[in-house]
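Chemist: here you go, sequence then predicted model.
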Amino acid sequence: MMPDLGKYAFAVLSSYGVTIVLLSVIVLASVRRARKVRAALDEIENRRGK
Amino acid sequence: MRALLIRDLMLAIRAGGGFGLGLAFFLIVTVLVPFGVGPQTELLSRIAPGILWIGALLACLLSLDRILALDWEDGSLDLLATAPLPMEGIVTIKALAHWITTGLPLVLAAPVLGVLLSLPIPAYQWVVISLAVGTPALSVIGTFGAALTVGIKRGGLLMSLLVLPLYVPTLIFGAEVARRGAEGLTVQSPLLLLAGISFGVMALLPFASAAVLRINLR
Amino acid sequence: MRALLIRDLMLAIRAGGGFGLGLAFFLIVTVLVPFGVGPQTELLSRIAPGILWIGALLACLLSLDRILALDWEDGSLDLLATAPLPMEGIVTIKALAHWITTGLPLVLAAPVLGVLLSLPIPAYQWVVISLAVGTPALSVIGTFGAALTVGIKRGGLLMSLLVLPLYVPTLIFGAEVARRGAEGLTVQSPLLLLAGISFGVMALLPFASAAVLRINLR
Amino acid sequence: MILSVRDLAVTRGGLAILEGVSFDLAAGEALVLRGPNGIGKTTLLRSVAGLQPPEQGTVTGAEDQIAYAGHSDGLKAMLSVTENLRFWASVFGLTDIESALVAFDLTELRSRMAGALSAGQKRRLGLARLMVTGRPIWVLDEPTVSLDAASVALFAEAVRTHLQQGGSALMATHIDLGLEEARVLDLTPFKAAPRARQMDEAFL
Amino acid sequence: MILSVRDLAVTRGGLAILEGVSFDLAAGEALVLRGPNGIGKTTLLRSVAGLQPPEQGTVTGAEDQIAYAGHSDGLKAMLSVTENLRFWASVFGLTDIESALVAFDLTELRSRMAGALSAGQKRRLGLARLMVTGRPIWVLDEPTVSLDAASVALFAEAVRTHLQQGGSALMATHIDLGLEEARVLDLTPFKAAPRARQMDEAFL
Amino acid sequence: MSLWEYANPVKFIRTTDKVLPWVWTLAGLCLVSGLVWGFFFTPNDFRQGSTVKIIYIHVPSALMAINAWLMMLVASLIWIVRRHHVSALAARAAAPVGAAMTVIALATGAFWGQPMWGTWWAWDPRLTSFLILFLFYLGYMALWEAIEDDDTAADLTSILCLVGSVFAILSRYAVNFWNQGLHQGATLSLDKEENISDVFWFPLLVCIAGFVLLFIALVFLRTQTEIRARRTRALLAREGQA
Ligand code: HEM
Ligand SMILES: Nc1ncnc2c1ncn2[C@@H]1O[C@H](COP(=O)(O)OP(=O)(O)OP(=O)(O)O)[C@@H](O)[C@H]1O
Ligand SMILES: Nc1ncnc2c1ncn2[C@@H]1O[C@H](COP(=O)(O)OP(=O)(O)OP(=O)(O)O)[C@@H](O)[C@H]1O
Ligand SMILES: [Mg+2]
Ligand SMILES: [Mg+2]
């Protein structure tokens, strides 16, 4: 399955690795903060609603 | 306006800071470089024009937070804002005072410090000319940075970070003039570009600085 | 004492200044050097170890005035002096806090910035080691300078001038270690001397700093 | 020359502080703002002086008429008393500083650096600055802090003279200013109900 | 526990300011220093607190007994109210800050950054610091500056409690502290005759 | 119905809530298929060997890094001229994403440069101007963080963005003047004749689409978050807390 990367394996793999890590970090951070802020807002709105 | 300029100059001389600080820092950088990279003359004279420019730029960068921060802290800026001076005038005067107390001494000191770095003879005039043309731009851009960060608690750091990329074009053309001068090449086009930046920046940036300062004061 | 350390670290992180300032300045210097001296890799890699050391030293120098000046201005230093802490302890903690917020980040950032200056591969480890051994000395010496000039109106300038000559030996041996490392020479003797300076300074200078601070406070 | 404040609301740090404040200040009149710590006197005065845009309401007649003196004096420690005063005088286009020095009993200290003054002397210098602005409306935030009785009397005298010359004064204080004739406005009733600022209303 | 000051002379900027000042301060006692601006109250207090060596005379019983609060509050704008207090508490080896917060009505402001307090609120925080030092002698320079009437009462209350617990207080002020029981010492008679400092006498 | 309606926070959240799942899905699909295609199913270049595979992330991230700044510039202008809160918040939301893209482009470029040019870093014009762009991002984000008052921060950062853009162009020009390039020219430009073969071209397009969609999704999500945070603060203020 794994393609033959030849002597450049390190460069290619680390590029993909860095990209995947960074993209995941920014996505996860965004999603987590979105959840947190949403929860905080919901709490206040519900309290107000009651 | 004249009163403001005179006060700023007086303060710079008397309270230290402004006047000596830039010059001292310039001196420090140039003196340290041979200790750091080693004493070989040939190497030093190759990097001399660049180091002089970097030293001048750092000296400017460091004295920036005196432009507005001190006046902010002791309340003078509030009072100036209620005084009958246009904000554009205030920031221009501040930039001018900064140039006189920092940029001008740097220009004058550069040839002397050039000796310490074995600056090639033909380079002297071009280092001085390029600094004379370029440092006003540094002061004006720096005033914009200072206005942007006045009143922010972590101002100093943030200001350096914001101003640094804005300084890059000036540094590139300025150092290019000095370096080409050192090698005896023609310097016309970088010098024109440098002058262009200086004038453009002086004509336009004070408006941005004034706007930013007004926002920050409210 | 622990409370003081924690407070200083907290302030450094929160109020900016301390923590980021040194690092940002280090970054600024290394990024600017190529613009100044030109982009030739071969030239850059020759001066890289020296520039990294100078950058680290300047970054330390700049953050020194935060060690004591801020506490002096808002009156905390008066209060600390009347608190049941020995003055020697206070200055040691202050130096430690300065090293943690400035020296340590510099050590960690040096390899990354080395890439920008095309630092030769064998030099990486020696740059890091020499900085790790040398920066504590910079912090301790700097605290002495800060104590000497606290409360003086033109403090910043004066301090740089006073501290600069005190920094020279550290810079010479530190940069020598890094440079020899880069050229693959033996580094033992400058490294030993550097370590000697660091330990000597850490053992003795706090007493001088405390004495000087006591005099300055009255 | 009338300063008139109508239905003013001010915010600080994103919170509404005061609302519905209205008052007029005629020539020759002094108005003292009172209220507990943190009610918003400083914030209100800054709005009136034009340093901070009000959230609601209007301030008319203030433009270029106001000399403001806040909690900090705007003095330069490394300039002498006369140099400090002369600077502010020339910013406002005046030249005479002698009468201000005399009015606040600073003649003996004239060549002292401002940084070497005692707390009360600094304050006197800060107040003397008002007299060299030539502005008709004085807006003062706790002007008599650190002043001894004699200096408070000097201050009251200076304000009275200013009022007689057709000026007016708006002051916040907790302590006696020695100005019995001044009108007093207590800010406590104007404390803002907890609410968001206007600019946040789009988000509600 | 008695603080005793004998024949004290103090200088400032190379000039003699006060001389021949003597007083005692017993446990449970409060002493208020008065005198016009610039007479030397601040300088005297700094000498008593050990921040400045007196030129002549002695201060006994002060060593490690004094909590000093000067014109500036020693607050960090970027730390919250509790963080500021807790820091000073742990410097003096204490941990409880709640009672100090309550005594100066700061509980509602506890998580506010000190930089975002009003002038009076800052001052209250500066005074609350005294309560977390555990020191018996409070040396205070114009403690009630910027405070409203209610806060002055809080302060007087705090001083009284401190006195009842066997502490004592030495304060300089121009305004009423709400402490009728305090002894008053006017410094005017101790004003030094114009003369050089001792250390300069060798040159005369 | 005008486009500006979406500048109403509530409306913005409602609309983007509907669109977001689609954008996420599409972005995921494009990214995964593009990267898998590029990584596993493309041949090696005869000259560059397997390193060509880096192109599938390097080029899209570099494109997005620049475009994110452009988007921030437009949003800042809208805020300055029309004072729509959402656009200021969108600019704020985009900055960290743009910065991440810049880091990816820098990192992949460095990994690529090591085998191709024998060095991680060279002061090539394009690389250099990217480093400067990264500094702009850092400064912009730091300024947002440092200012407490939301509208003040919006005003100041917009002006910084405008001035910064001018200087970014100036720097780009200056850097070009200063040093000769080592870096590839524009292979993507349409008017040139085909100088990249279809085998590489199609997966690259898919990847670019994936990055664009991911950027849109992230900006929508983060803008929503900023709006909600702002709303939370406003509500708390109304109740007299905070
Ligand atoms: C740290 C190093 C690098 C940085 C910061 C960098 C940055 C960039 C940038 C900004 C673009 C332009 C996107 C655009 O304007 O359309 C780009 C495109 C490209 N880069 Fe790099 N690059 C780096 C290293 C490399 C290396 C080492 C190679 C290969 C030898 C490479 C190959 C390419 C290619 C083929 C393109 C597409 C060109 C086009 O079609 O426009 N890059 N890179
Ligand atoms: N950044 C901020 N965030 C939140 N609240 C703030 C901020 N800055 C100030 N405040 C609050 O705003 C209120 C008004 O402050 P202001 O300084 O106007 O009061 P003041 O009436 O002048 O008080 P004082 O008499 O103590 O000087 C205070 O309660 C203060 O705590
Ligand atoms: N560096 C200096 N050189 C000369 N005189 C000075 C210097 N610093 C202070 N003084 C003078 O010393 C005197 C005492 O000052 P101090 O601050 O002790 O007064 P104070 O009684 O606290 O006054 P206030 O009530 O105004 O706070 C003042 O007259 C002041 O002008
Ligand atoms: Mg106030
Ligand atoms: Mg005093």
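Modeler: Arrived safely, thanks for sending. Numbering: from 1, shown residues only, chains lettered A, B, ... in the order given. Ligands and ions are numbered 1, 2, ... in the order given.
Chemist: the strand or helix carrying B:Leu11 near chain D at all?
Modeler: Assigned by DSSP states H and E, B:Leu11 belongs to helix B:2-14. Yes: contact of helix B:2-14 with chain D (Cβ under 8 Å from any Cβ of the partner chain) involves B:Arg2, B:Ala3, B:Leu4, B:Ile6, B:Arg7, B:Met10, B:Leu11, B:Arg14. Every C-beta, even on glycine, is put in place using the N, C-alpha and C of the backbone.
Chemist: contact partners for F:Ser171?
Modeler: B:Pro165, B:Val168, B:Pro169, B:Ile172, F:Ser129, F:Ile132 (Cβ atoms under 8 Å, 6 or more residues apart in numbering or on different chains).
Chemist: out of those residues, what pair is the most spread apart?
Modeler: B:Pro165 and B:Ile172 (11.8 Å; Cβ to Cβ).
Chemist: so which of those two has more stuff around it?
Modeler: B:Ile172 (29 against 23; other Cβ atoms under 10 Å in any protein chain shown).
Chemist: separation between the residue lying closest to the more buried one once chain neighbours are set aside and ligand 2?
Modeler: Nearest residue to B:Ile172, sequence neighbours excluded (Cβ to Cβ, 6 or more residues apart in numbering or on different chains): F:Ala174, at 4.3 Å. Separation of F:Ala174 from ligand 2 (Cβ to the nearest ligand atom, to the nearest Å): 41 Å.
Chemist: what count of nearby residues applies to F:Ala174?
Modeler: F:Ala174: 27 neighbours (other Cβ under 10 Å).
Chemist: how much space between the residue positioned nearest the centre of chain B and E:Ala9?
Modeler: Closest to where the C-alpha atoms of chain B average out (Cα atoms, centre = their mean) is B:Cys60, at 3.4 Å. Going from B:Cys60 to E:Ala9 by Cβ to Cβ, to the nearest Å gives 49 Å.
Chemist: ok, B:Val91 next?
Modeler: 50 Å.
Chemist: which among the residues of helix B:2-14 next to chain D end up buried?
Modeler: Buried by 16 or more other Cβ atoms under 10 Å in any protein chain shown: B:Ala3, B:Leu4, B:Ile6, B:Arg7, B:Met10, B:Leu11, B:Arg14, out of those.
Chemist: out of the residues you listed, who's near ligand 1?
Modeler: Among those, not one lies near ligand 1 by Cβ under 6 Å from any ligand atom.
Chemist: centroid residue for chain D?
Modeler: Short answer for chain D (Cα atoms, centre = their mean): D:Leu140, at 1.6 Å.
Chemist: do the helix ranked longest in chain D and ligand 3 come into contact?
Modeler: Assignment by DSSP state H gives helix D:149-164 as the longest helix of chain D. No: shown here: helix D:149-164 not in contact with ligand 3 (Cβ under 6 Å from any ligand atom), separated by at least 8.5 Å.
Chemist: list the buried residues of that helix.
Modeler: D:Ser151, D:Val152, D:Leu154, D:Phe155, D:Ala156, D:Ala158, D:Val159, D:Arg160, D:His162, D:Leu163.
Chemist: could you find the closest non-adjacent residue to B:Ile141?
Modeler: B:Ile141's closest residue in space is B:Leu166 (Cβ to Cβ, 6+ apart), at 5.0 Å.
Chemist: give me the distance between the one you found and B:Ile215.
Modeler: Distance, B:Leu166 to B:Ile215, using Cβ to Cβ: 18 Å.
Chemist: chain A contacts on chain D?
Modeler: Checking chain D against chain A by Cβ under 8 Å from any Cβ, there are no hits.
Chemist: okay, now residue 39: neighbour count?
Modeler: As the question left the chain open, I've gone with chain A. 12.
Chemist: switch to chain B, that's the one I care about
Modeler: 9.
Chemist: assign it to helix, strand or coil.
Modeler: coil (DSSP: H, G, I helix; E, B strand; the rest coil).
Chemist: what does the one 3 residues further on give?
Modeler: Using three-state DSSP, the structure places B:Glu42 in helix.
Chemist: ok, the spatially most distant residue from the centre of chain B to E:Val152 distance?
Modeler: Relative to the mean C-alpha coordinate of chain B, counting by Cα atoms, centre = their mean, the farthest residue is B:Gln40 (29.2 Å). Remark: distance between B:Gln40 and E:Val152 (Cβ to Cβ) = 72 Å.
Chemist: quick one: strands adjacent to whatever helix or strand D:Leu140 lives in?
Modeler: For D:Leu140, the element it lies in under DSSP H and E is strand D:137-141. As defined by DSSP bridges, the strand partners of strand D:137-141 come to strand D:66-69 (parallel), strand D:168-172 (parallel).
Chemist: tell me which residues are up against it.
Modeler: Contacts for strand D:137-141 (Cβ under 8 Å, 6+ apart): D:1, D:3, D:25, D:41-42, D:45, D:48-49, D:61-62, D:65-71, D:127, D:130, D:159, D:162, D:167-172.
Chemist: ok, which stretches of chain F are helices?
Modeler: Going by DSSP H, chain F shows helices at F:9-40, F:55-82, F:85-117, F:125-146, F:150-178, F:198-238.
Chemist: what about the second one and chain B, any contact?
Modeler: Yep, that's helix F:55-82 we're talking about. No: legend: contact between helix F:55-82 and chain B by Cβ under 8 Å from any Cβ is lacking; minimum distance shown is 9.8 Å.
Chemist: ok and that helix relative to helix F:9-40, angle-wise?
Modeler: Using axes from the mean of the first three to the mean of the last three Cα atoms, to 10 degrees, the direction of helix F:55-82 lies 160 degrees away from that of helix F:9-40.
Chemist: in helix F:55-82, what's buried?
Modeler: F:55-69, F:71-73, F:75-80.
Chemist: quick check: the residue nearest to the centre of chain B touching B:Pro105?
Modeler: No: in this structure, B:Cys60 is not within contact of B:Pro105 by Cβ atoms under 8 Å, at 11.0 Å.
Chemist: who touches both of these two?
Modeler: Joint contacts of B:Cys60 and B:Pro105 (Cβ under 8 Å, 6+ apart) are B:Gly22.
Chemist: secondary structure class of D:Thr144, three-state.
Modeler: Applying three-state DSSP: D:Thr144 is coil.
Chemist: just checking, it touches D:Ile175?
Modeler: Yes: here D:Thr144 lies in contact with D:Ile175, judged by Cβ under 8 Å, at a distance of 6.2 Å.
Chemist: low-confidence regions, chain F specifically.
Modeler: F:1-6, F:45-49, F:184-199, F:240-242 (pLDDT under 70).
Chemist: output the strand holding D:Leu140 in PDB with nothing but the alpha carbons.
Modeler: Only the C-alpha atoms of strand D:137-141 are listed here, as PDB (Å, rounded to 0.1, in the frame of the first residue of the first chain):
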ATOM      1  CA  ILE D 137     -14.800  75.700  31.900                       C
ATOM      2  CA  TRP D 138     -12.700  74.000  34.500                       C
ATOM      3  CA  VAL D 139     -13.300  70.200  34.900                       C
ATOM      4  CA  LEU D 140     -11.600  69.000  38.000                       C
ATOM      5  CA  ASP D 141     -11.300  65.500  39.400                       C
END
